[in-house]
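[1] sequence and predicted structure below; questions after.
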Amino acid sequence: MAVAETGNIEHELTAARGEVRDMQRAVAALRNEMELAAANHESAVQQAVAGANMEILQLKATVAELRSELEKSLIQRDEEVQRAIAASQDEIHQLRSTAAALRDELERARIEKENEVQAALSASANEITQLKAAVAALREQLELAKVDKENSLQAERQVSADEIKQLRDTVQSMREQMEQLRHP
């Protein structure tokens, strides 16, 4: 009868060892899945950051292009003013009587150009404000993504810790049962 009990205990011990190996494999598989999920999440965050950086570069290029166009507009305005002054001086020599009318017309043209420049500056300022708001929104989204990632990692760690504790409790319980079987 003792041989049968020993064989039975060895069989239970072999089964318990098999269960422990299965649990270890399950823990390893879960750990691999958790690492893969973390890597996938990190990749998504990096792609979002790269997209935001690309958009920032595009926005900077747009701002630079607008600035360049504004400078060209100012240069053209200055050239037009210079041409208008030269034309008015020629006309002053030829027709002194029409000088006052030409000055009034030139002044209106200058005011219109200044109004156009002011409108362009205002539009540029509005666009810069919008770009800053977009950058701030992207930063906020990035921060939220980081917080979500951290919360996900914390939750995964807690789940893993709980599972490890359960496995340890199960192993401890099996050890106690084996001890009880050895020392009835």
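    On my side now, so go ahead. Keep in mind that this is a model prediction, so the values were computed, not measured. Numbers count the residues shown, from 1 in each chain.

[2] pLDDT weak spots in this protein?
    Applying pLDDT under 70 to the chain flags residues 1-4, 91-92, 95, 99, 102, 184.

[3] the host helix or strand of R139 - contacts with which helices or strands?
    For R139, the host element (DSSP states H and E) is helix 99-182. Judged by 3 or more C-beta pairs under 8 Å, 6 or more residues apart in numbering; DSSP states H and E, the packing partners of helix 99-182 are helix 2-94. The C-beta positions use only the backbone N, C-alpha and C, and glycine is treated the same way.

[4] quick one: distance of the helix it packs on to the chain centre.
    For helix 2-94, the distance from its own C-alpha centre to the chain's C-alpha centre is 5 Å (C-alpha atoms, centre = their mean, to the nearest Å).

[5] I'd like to know which elements it is packed against.
    Looks like helix 2-94 contacts helix 99-182 (3+ C-beta pairs under 8 Å, 6+ apart).

[6] list the contacts of the closest residue to H41 other than its chain neighbours.
    Leaving aside its chain neighbours, H41 sits nearest to K149 (5.4 Å; criterion: C-beta to C-beta, 6 or more residues apart in numbering). The contact partners of K149, taken as C-beta atoms under 8 Å, 6 or more residues apart in numbering, are 41-42, 45.

[7] any idea how far E156 is from K149?
    11 Å (C-beta to C-beta, to the nearest Å).

[8] equivalent analysis for A52, please.
    Distance from A52 to E156, by C-beta to C-beta: 26 Å.

[9] would you mark the buried spots in stretch 8-16?
    For stretch 8-16, a neighbour-count test (16 or more other C-beta atoms under 10 Å) marks A16 as buried.

[10] hmm, who's touching it?
    The contact list for stretch 8-16, computed with C-beta under 8 Å, 6+ apart, reads 174, 178, 181-182.

[11] try stretch 119-133
    Here stretch 119-133 has contacts from 59, 62-63, 66-67, 70, 73, using C-beta under 8 Å, 6+ apart.

[12] restricting to C-alpha, output that stretch in PDB.
    Output in PDB follows, covering the C-alpha atoms of stretch 119-133 (Å, rounded to 0.1, in the frame of the first residue of the first chain):
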ATOM      1  CA  ALA A 119      -4.400  93.800 -43.700                       C
ATOM      2  CA  ALA A 120      -1.600  91.400 -44.800                       C
ATOM      3  CA  LEU A 121       0.100  91.900 -41.400                       C
ATOM      4  CA  SER A 122      -3.100  91.200 -39.600                       C
ATOM      5  CA  ALA A 123      -3.800  88.100 -41.600                       C
ATOM      6  CA  SER A 124      -0.300  86.900 -40.900                       C
ATOM      7  CA  ALA A 125      -0.700  87.600 -37.200                       C
ATOM      8  CA  ASN A 126      -4.000  85.700 -37.200                       C
ATOM      9  CA  GLU A 127      -2.400  82.800 -38.900                       C
ATOM     10  CA  ILE A 128       0.500  82.800 -36.500                       C
ATOM     11  CA  THR A 129      -2.000  82.800 -33.600                       C
ATOM     12  CA  GLN A 130      -3.800  79.800 -35.200                       C
ATOM     13  CA  LEU A 131      -0.500  78.000 -35.700                       C
ATOM     14  CA  LYS A 132       0.500  78.600 -32.000                       C
ATOM     15  CA  ALA A 133      -2.900  77.300 -31.000                       C
END
